[in-house]
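Visitor: I need the structure of the sequence given here:
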Amino acid sequence: MGMFETISEDIKAAMLAKEKVRLEALRGVKKEFIEAKTAKGSDGELHDDVALKILQKMVKQRKDSATIYIEQNRPELAENELAEAAIIETYLPKSLSDEELDVAIRALITEIGASGPKDMGKVMGAANKQLGGKAEGKVIAEKVKSILNSL
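Guide: Here you go, the predicted model:
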């Protein structure tokens, strides 16, 4: 069962359980999935790798919104955003630990043959492709930069 079908089934379960926040978060996810399926240039299918990118984007948006709400002294709105982010995160694969990320990036750098900061673009392209769903892009970039600067 693909990501789209899983979300659809979980929406039904959330309705039956009367879980308002969960239902709202999942409906938002389904809306994004439908838009991706029907977007210009799409083949009408939602592949799981695309679904993961959408989920990551949605989690980041919710966390960014929560930060803004906290800065504006609106904790009740921030709480809702963080609750939705937590629900969406359950559909993402487990994130890599700092050590696992370090090992994976060092292996990638060796494989590519990168020798310093000038190879950042090559390494980032491969790292985002290989580690995309397992770590946030910003974290990957920081780790790649620090490792390349130490070479």
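Visitor: Break this protein into its domains for me.
Guide: What automatic domain parsing lists as the domains of the chain is 3-89, 98-149.
Visitor: rank these by mean pLDDT and give me the bottom one.
Guide: In terms of average pLDDT, domain 98-149 trails the rest of the domains of the chain, at a mean of 88.
Visitor: first to last residue in that one, what's the distance?
Guide: Start-to-end span of domain 98-149 (Cα to Cα, to the nearest Å) is 18 Å.
Visitor: can you tell me the helix or strand for the residue most central in space within the chain?
Guide: The residue lying closest to the centre of the chain (Cα atoms, centre = their mean) is Gln56, at 1.9 Å. If you go by DSSP states H and E, Gln56 is part of helix 48-71.
Visitor: And for the helix or strand just after that helix, what's in contact with it?
Guide: Downstream of helix 48-71, the next assigned helix or strand under DSSP H and E is helix 75-89. Helix 75-89 is contacted by residues 21-22, 24-26, 28-29, 55, 58-59, 62-63, 65-67, 69-70 when judged by Cβ atoms under 8 Å, 6 or more residues apart in numbering. For glycine as for every other residue, the C-beta is placed from the backbone atoms N, C-alpha and C.
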